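Asks: Predicted model and sequence below, questions to follow.
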Amino acid sequence: MTATLDRRLAFLLNRPEHLNLLTRSLHGIERESLRVDQSGRLALTPHPAALGAALTHPRITTDFSEALIELITGTHADHGPLLQELTDIHRFVHDKLGDEVLWTQSVPCELPAETDIPVGYYGTSNIGRLKAVYRQGLAHRYGKAMQCIAGLHFNFSFAEPLLAALGQGEGCSEQKDRQSQQYVSLIRNFNRYSWLLMYLFGASPAIASSFMADRPHALEALDATTLYLPYATSLRMSDLGYQNKVQSGLRPCYNDLTTYVLRLYEAVSQPWPDYEKIGVKRNGEWLQLNANVLQIENEYYSSIRPKRVAASGERPLHALAERGIQYVEVRCLDVDPFSPIGINASTTHFLDAFLLYCMLEDSPLFAEGGHCTESAQNFMTVVKRGREPGLTLNRQGVALPMRQWAEQLLTDIGACAQVLDQAYGGTAYASSVAQQRDKVEDVALTPSARFLSALKESGLSLQAYTLALSQAHARTLRDTALSAAQQASFQAEVEQSLEAMREQEQAPQMDFDAFVEAYQSGLDLH
């Protein structure tokens, strides 16, 4: 343990008021999943009206495709209510899906032809059209299949008084700037050590061969319809999945918020030749919002994002620049295929301890092209080869066995877990770290190894096995009905979302071309 980490942990342990502030951290989850029919094929039906309006519902929406549902919890201080809300949302959704089920894997089911994958529709209001055009742009740039990959996002914030008490972010005159500097420091460490999350929680070692189509790859055939890498942890997060070569030169190293914002601002302002060839419009129909490296900042694919709640119509970059970082969004987690809701309590507890470690540990600045690149290479090595015997990673230019480094990290993360258990009471955090130690000691316990083993033992294709698992999860969720009060509350949200969408569409709309121009220039669109 470094002297800095030891000192900061002691600072927390010796102050009951600071331990109490730890329990005011907030958590939220966003879980993506494809809707599929009883044969495991992508649902070509519109987003069910019984689930409300995807544009305006606060907890049930869609991502890229009409079939790619996204379930969003509120924020909670405790993990129990967080996971209970996620479970309740899943139960309500499954109650309304009829014969459809949610696909329990990050990698897609067997997909139809690109032209038949339905892009998300958000109605006729300007903001709804903007969301749809943005997704059309994604389809033209990257193909629809890649956009059907699903993930699970974990949103996390520390209590602001705790950040103030820790006293990091020296040299900043305003609290919002000190807080942003603390979160940027956390993000640097997250990038250094997030390879560990991919080893511990990566769960997509195989992919349907149809997903690769005619794309070149070095995958091996597991069966006639399934491709895999023997030691992969997360093909979703590899260069075969949700990655983009155009963005590879963007990688902001998070030395400060201003540089991060400027890098992304340049990307949303700078034309890219290949995207200029697509064109912005064709025969009066919008193809993409613009021909820049990024249409909007949300197009940047990263394993973690600094976030600030933006007002309706406000650019996220503007919100960050004006008011600083409010929370972080961890985006590299695969959907847990063995959980009906895509994640379990042990994982959420470990993420708390991991993020506390990233906040408290020394976080030197990245040298341009130095440790930032090294961290990205370590991450990519683990997603493709994380279970390979004797695998080494690069730590500050020195080759180090991955297992040795993981054990060292888990010792320090375990110390953070002990502080969290002291704050919350119980042993949930220490238990979560112990479970991760078991995975380091026995690679067969990792989700990627467990999934591959179960897939092989089943004798089924990836498609058939995942469908069977998805149907079993659907039965589990449907076996426990929501209470009448819960049903009524969810139903009220559905009706409110539909009414809110009607009101938006009936309100006077400015010319759409002018609306897009105003949005991209950062004007107030309230």
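Replies: Noted; the coordinates are in hand.

Asks: Now do the strands in the stretch 301-450 of the chain.
Replies: 304-307, 327-333, 392-395, 398-401 (DSSP state E, counting those that start in this stretch).

Asks: which neighbours does the third one have in its sheet, and in what orientation?
Replies: Sheet neighbours of strand 392-395, with direction, are listed as strand 398-401 (antiparallel) (DSSP bridges).

Asks: Now the residue nearest the centre of the chain. Nearest residue, chain neighbours left out?
Replies: The chain has R331 as the residue nearest its centroid, 2.5 Å off, counting by Cα atoms, centre = their mean. Closest residue to R331 apart from its sequence neighbours, by Cβ to Cβ, 6 or more residues apart in numbering: H153 at 5.2 Å. Just so you know, the C-beta spots here come from the backbone N, C-alpha and C atoms, and that holds for glycine as well.

Asks: so the one you found bridges to which residues?
Replies: Listed beta-bridge partners, H153: E30 (assigned using DSSP bridges).

Asks: on that earlier part again, looking at it, the residue nearest to the centre of the chain is touching P306, isn't it?
Replies: No - using Cβ atoms under 8 Å as the test, R331 is too far from P306 to be in contact (11.6 Å).

Asks: can you give me the strands in the protein?
Replies: 26-36, 60-62, 68-72, 101-102, 152-157, 206-208, 220-223, 226-228, 281-282, 285-286, 304-307, 327-333, 392-395, 398-401 (DSSP state E).

Asks: so where do the helices sit in the stretch 101-250 of the chain?
Replies: Along the stretch 101-250 of the chain, counting by DSSP state H, counting those that start in this stretch, helices occupy 126-142, 160-166, 175-201, 209-212.

Asks: could you say what helices and strands the third one packs with?
Replies: This means helix 175-201. helix 160-166, helix 257-267, strand 304-307, strand 327-333, helix 345-360, helix 371-385, helix 402-424, helix 428-441 (3 or more Cβ pairs under 8 Å, 6 or more residues apart in numbering; DSSP states H and E).

Asks: What residues of that helix count as buried?
Replies: 176-201 (16 or more other Cβ atoms under 10 Å).

Asks: Next: stretch 351-366.
Replies: Buried residues in stretch 351-366 (16+ other Cβ under 10 Å): 351-361, 363, 366.

Asks: likewise stretch 457-467?
Replies: Per 16+ other Cβ under 10 Å, stretch 457-467 contains these buried residues: 460-467.

Asks: Output it as PDB, nothing but the C-alphas.
Replies: Output of stretch 457-467 as PDB, limited to C-alpha atoms (Å, rounded to 0.1, in the frame of the first residue of the first chain):
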ATOM      1  CA  GLU A 457     -21.300 -28.500 -21.900                       C
ATOM      2  CA  SER A 458     -24.700 -27.600 -23.300                       C
ATOM      3  CA  GLY A 459     -23.900 -28.900 -26.700                       C
ATOM      4  CA  LEU A 460     -25.800 -25.900 -28.100                       C
ATOM      5  CA  SER A 461     -24.800 -23.100 -30.300                       C
ATOM      6  CA  LEU A 462     -24.200 -19.700 -28.700                       C
ATOM      7  CA  GLN A 463     -27.600 -18.600 -30.100                       C
ATOM      8  CA  ALA A 464     -29.500 -21.500 -28.700                       C
ATOM      9  CA  TYR A 465     -27.800 -21.500 -25.300                       C
ATOM     10  CA  THR A 466     -28.200 -17.800 -24.800                       C
ATOM     11  CA  LEU A 467     -31.900 -18.000 -25.800                       C
END
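
Asks: Quick one: distance of that stretch to the chain centre.
Replies: Mean-position distance between stretch 457-467 and its chain equals 26 Å (Cα atoms, centre = their mean, to the nearest Å).

Asks: contact partners of that stretch?
Replies: Stretch 457-467 is contacted from outside by 36, 39-40, 103-105, 109-110, 206-208, 222-226, 337, 454-455, 468, using Cβ atoms under 8 Å, 6 or more residues apart in numbering.

Asks: out of those residues, which are buried?
Replies: 36, 40, 103-105, 109-110, 206-208, 222, 226, 337, 455.

Asks: which residues of the stretch 301-450 of the chain score low on pLDDT?
Replies: For the stretch 301-450 of the chain, applying pLDDT under 70 flags the ranges 313, 368-371.

Asks: With the chain instead?
Replies: In the chain, residues with pLDDT under 70: 168-173, 241-253, 313, 368-371, 523-526.

Asks: Among the strands of the chain, which comes closest to Y254?
Replies: Nearest to Y254 among the strands of the chain is strand 304-307; the distance by Cβ to Cβ comes to 7.9 Å.

Asks: If you count contacts, what does the closest one end up packed against?
Replies: Here strand 304-307 touches helix 175-201, helix 316-323, strand 327-333, going by 3+ Cβ pairs under 8 Å, 6+ apart.

Asks: TSV please, covering those and showing distance to T476.
Replies: Output for the helices and strands packed on strand 304-307, formatted as TSV (distance: least, Cβ to Cβ, whole Å):
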stretch	distance to T476
helix 175-201	21
helix 316-323	36
strand 327-333	21
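
Asks: and the helices and strands packed on helix 175-201, which is most packed in?
Replies: helix 345-360 (a mean of 23; mean count of other Cβ atoms under 10 Å).

Asks: and the angle from it to strand 152-157?
Replies: Angle, helix 345-360 to strand 152-157, by axes from the mean of the first three to the mean of the last three Cα atoms, to 10 degrees: 50 degrees.

Asks: Hmm, D88 is touching S483, no?
Replies: No - in this structure, D88 is not within contact of S483 by Cβ under 8 Å, at 9.5 Å.

Asks: More neighbours: which of those two?
Replies: Using other Cβ atoms under 10 Å as the criterion, D88 and S483 rank with D88 on top: 20 against 9.

Asks: what's near enough to touch the more buried one?
Replies: Neighbours of D88 in contact, by Cβ under 8 Å, 6+ apart: 482, 486, 490.

Asks: circling back to that earlier point, out of the strands of the chain, nearest to K131?
Replies: strand 60-62 (9.4 Å).

Asks: which parts of that closest one are buried?
Replies: 60-62.

Asks: residues in contact with that strand?
Replies: Residues from elsewhere that reach strand 60-62, judged by Cβ under 8 Å, 6+ apart: 47, 51-52, 54-55, 68-72, 89, 92-93, 120, 493.
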